[in-house]
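>>> Could you look at this predicted model? Sequence included:
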Amino acid sequence: MLQVFGTGKFGSHESSHDMPYRLTLALLVLVALNGSCNSRSQEPARGKWTGWRGPESNGISSDGSYPVQWNFEKNLGWKVGLPGAGCSTPVVWNDSIIVTSWDQGQDTAFAYDWSGALRWKTAIGMGRRGKHRNGSGSNPSPVTDGKGIFVYFKSGNVAALDFSGNLAWKTNLQSRFGADSLYWDLGTSPVLTEQDVIVAVMHKGESFLAAFDKESGELSWKVPRNYVCPVEGDHSYATPTVIHHDGREAILVWGAEHLTAHDATDGKTLWSASGFNPEQKNNWVVVASAVVAGDVAIVPYGRGVHLAGIRLGGDGDVTETHRLWTRTDIGTFVPTPVVADGRVYILRDSGGVVCLDAESGETVWQAQLPRHRLKYYASPVVADGKLYATREDGVVIVAQVTGKFEILATNKMSERMIASPVPVNGKILLRGRRHLFCVEAP
């Protein structure tokens, strides 16, 4: 069931009788002319981190300098308490910092300004608790195009808000299409095409890719994505990537032992690659997302010890024709890699760091972050040539990765952290179990 609030247009409190359609359309065009960041072909704008992996979906902040060392007495600009646990990464659009959390049993979106002041909070609907020690009902990260904010929760709630916190529309995937059957907590985040918000549901049973019109919330299309897999092989916590390839907008999806590309206009499968579990092993669940370096998709699989490079494009089954390379000695299970300048930075759960050439798959260098009984589960980011890697006990390691690898600092935040760091505007946002932190340069 889709619920539409007001006209369904962002920023509107009035009914269609009070605000003529033409005026609404003119306002939307004006906002669009001021620059949205929903196309990978555009340059990432300063002061914007539009989704889980940033404006280019690669985990990179391409401008500014960022703090290296900090603590609770040094460089910590502010921290604010959050009412519930969550692993979702904040997103940023100019002066708005958006994060999701559980609040008194409700799935809730919060907006803060750059002083840490709460601008608004909006309850979306009844939430659903996490069951893993690092899980929550708020694992998926929000996404924005500068006109609307789109959120997704373990409960199945999908919603659109404007930048004043008004709810434009909401729906519940599980009420409409069936409950999820994932072993653990929902992890995939929504992504945006030019027209729609896209959500992937990959689990045992009916899996699918669905597109909802960003303005109205109406279902634009829904396509099944079902493959026969060994136990848990059809479970995926990965996030799709929107790409532009062969002159069209497409959605790249990794899960159920298949990498597939779908036409953004109707969801039709353009091509697919398989062969990621030739021995049909059980429990090869997908956690880390595939990333794109130029026209090569880097696909982590095999519970952290396999990696493949797949050339984008083609038609139909490209398994034999488009696999460039395969590694069976290195990979990542939970953290999604970073891509920069044709190189792929892999952070392993145990803190191993590997730099690969995206085209050949060959190792450029490898190093080791401080070992610990706890894991590096947050996906790393790179800013100003430095890798920011968060361990689950809240220790953030900063290492130089351009030129000679060097560990520069170990920063202790003293609370569990699973969300990825967000480097934007020379500041680093860190989402912990209980707080949202803002770290500033000296």
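Great, that's in hand.

>>> quick one: Glu320 is in a strand?
No - judged by DSSP: H, G, I helix; E, B strand; the rest coil, Glu320 forms no part of a strand; its state is helix.

>>> Next one: it from Ser272, what distance?
Per C-beta to C-beta, to the nearest Å, Glu320 is found 12 Å from Ser272. No exception for glycine: its C-beta is placed from N, CA and C like everyone else's.

>>> more crowded one of the two?
More neighbours surround Ser272 than the other of Glu320 and Ser272, with 18 against 9 (other C-beta atoms under 10 Å).

>>> Identify the bridge partners of the more buried one.
Per DSSP bridges, the residues bridged to Ser272 are Thr260, Asp317.

>>> Name all residues that make contact with it.
Residues counted as contacts of Ser272 (C-beta atoms under 8 Å, 6 or more residues apart in numbering) are His258, Leu259, Thr260, Ala261, Gly316, Asp317, Val318, Thr319.

>>> what about Cys430, neighbour count?
Cys isn't right for residue 430; it's Leu. 27.

>>> you'd agree it is up against Pro421?
Yes - contact criterion C-beta atoms under 8 Å: Leu430 and Pro421 qualify, at 5.7 Å.

>>> Now do the shared contacts for these two.
By C-beta under 8 Å, 6+ apart, the residues touching both Leu430 and Pro421 are Thr390, Val396.

>>> Spatially, which residue comes closest to Val223, not counting chain neighbours?
Using C-beta to C-beta, 6 or more residues apart in numbering and skipping residues adjacent in sequence, the residue nearest Val223 is Gly267, 3.7 Å away.

>>> for the one you found, what are its contacts?
In this structure, Gly267 makes contact with Leu209, Ala211, Trp221, Lys222, Val223, Ile251, judged by C-beta under 8 Å, 6+ apart.

>>> Where do the helices of the stretch 151-300 of the chain begin and end?
173-177 (DSSP state H, counting those that start in this stretch).

>>> where in it is pLDDT low?
The model of the stretch 151-300 of the chain has pLDDT under 70 over residues 183-185.

>>> ok, 80 please
Where the stretch 151-300 of the chain drops to pLDDT under 80, the residues are 181-186, 245-246.

>>> Next secondary structure after the helix or strand hosting Thr100?
Assessed by DSSP states H and E, Thr100 sits inside strand 96-103. Using DSSP H and E, the next helix or strand after strand 96-103 towards the C-terminus is strand 106-112.

>>> That next one pairs with which strands, parallel or anti?
Partners of strand 106-112 in the sheet, by DSSP bridges, are strand 96-103 (antiparallel), strand 118-126 (antiparallel).

>>> can you put the ones you listed in JSON lines and add mean pLDDT?
Output for those, formatted as JSON lines (pLDDT from 0 to 100):
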{"stretch": "strand 96-103", "mean pLDDT": "94"}
{"stretch": "strand 118-126", "mean pLDDT": "94"}
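
>>> most packed of these?
The highest average neighbour count among these, using mean count of other C-beta atoms under 10 Å, belongs to strand 96-103 at a mean of 24.

>>> Surely Asn157 touches Arg176?
No - assessed by C-beta under 8 Å, Asn157 is found out of contact with Arg176, at 11.3 Å.

>>> Could you check which of these two has the larger neighbour count?
Neighbour tally, Asn157 and Arg176, criterion other C-beta under 10 Å: the higher count belongs to Asn157, 22 against 14.

>>> on that earlier part again, restricted to buried residues, select the contacts of Ser272 in PyMOL.
Buried subset of the contacts of Ser272, written as a PyMOL selection, criterion 16 or more other C-beta atoms under 10 Å:
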select buried, resi 258+259+260+261+318+319
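
>>> Make JSON lines from the contacts of Ser272 and add distance to Tyr377 to it.
Formatted as JSON lines, the contacts of Ser272 follow (distance: C-beta to C-beta, whole Å):
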{"residue": "His258", "distance to Tyr377": "25"}
{"residue": "Leu259", "distance to Tyr377": "23"}
{"residue": "Thr260", "distance to Tyr377": "26"}
{"residue": "Ala261", "distance to Tyr377": "28"}
{"residue": "Gly316", "distance to Tyr377": "36"}
{"residue": "Asp317", "distance to Tyr377": "34"}
{"residue": "Val318", "distance to Tyr377": "32"}
{"residue": "Thr319", "distance to Tyr377": "30"}
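
>>> for the contacts of Ser272, which one is nearest Thr390?
Leu259 (27.0 Å; C-beta to C-beta).
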